[in-house]
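S.K.: build me a model from this:
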Amino acid sequence: MTDCFVCTKHKTLTSDLTIDIDGYDDFVVAHAPDRTEDGSNLIGALIIEPRTHVQNWSELSPEQAGKLGSLIGQITGLLYAHEEIEHVYTWVFGDAVAHLHVWLMPRYKGTPREYWGTKVTEWPEAPKGGHVEMAQFISGLKELMTESV
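M.R.: Numbers count the residues shown, from 1 in each chain. Take a look at the predicted model:
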């Protein structure tokens, strides 16, 4: 599919916003949100997307679905290793973009209960940032990955 926003985006993602995990790079890409110009992203929010165009889980083979699930588990584990993250949400909405993309959304320690779940990004004290801050967070995750190998 040539007019898919996600498929097009994969060609322009910068390495400072992506997480490469051996054995997965040919199939999926894991990255920080790519719209970072306004500095309003929740630090630690990540998106995992198949590199081939699929609209939902049902279009993946059982092997692909297993591989995607395994990667989600590995990256969620990295997020839980962060000392300030107490919970990680996994979201698939699929309303705005017709390409399967899984959000990993951290909840930081001290987040009031009224901001749990889909309101986690609305907490006024949640750590937010733009490209620089997201890249710094990704760099820290990459260091955690090399330490755990």
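S.K.: contacts only, for H87.
M.R.: 106-107, 116 (C-beta atoms under 8 Å, 6 or more residues apart in numbering). C-beta: built from backbone N, CA, C; applies to glycine.
S.K.: which of those residues are buried?
M.R.: 106-107 (16 or more other C-beta atoms under 10 Å).
S.K.: quick check: closest non-adjacent residue to the spatially most central residue of the chain.
M.R.: For the chain, L46 is the residue whose C-alpha lies nearest the centre (C-alpha atoms, centre = their mean; 1.7 Å). Distances taken as C-beta to C-beta, 6 or more residues apart in numbering place L104 nearest to L46, at 4.4 Å, with adjacent residues excluded.
S.K.: tell me the one of the contacts of H87 nearest G140?
M.R.: Nearest to G140 among those, counting by C-beta to C-beta, is P106 at 12.5 Å.
S.K.: where's the closest one relative to A32, distance?
M.R.: According to C-beta to C-beta, to the nearest Å, P106 and A32 sit 12 Å apart.
S.K.: anything in contact with each of the two?
M.R.: By the contact definition C-beta under 8 Å, 6+ apart, P106 and A32 are jointly contacted by A45.
S.K.: verify the stated contact: the residue nearest to the centre of the chain with T90.
M.R.: No - at 10.2 Å, L46 does not count as touching T90 under the criterion of C-beta atoms under 8 Å.
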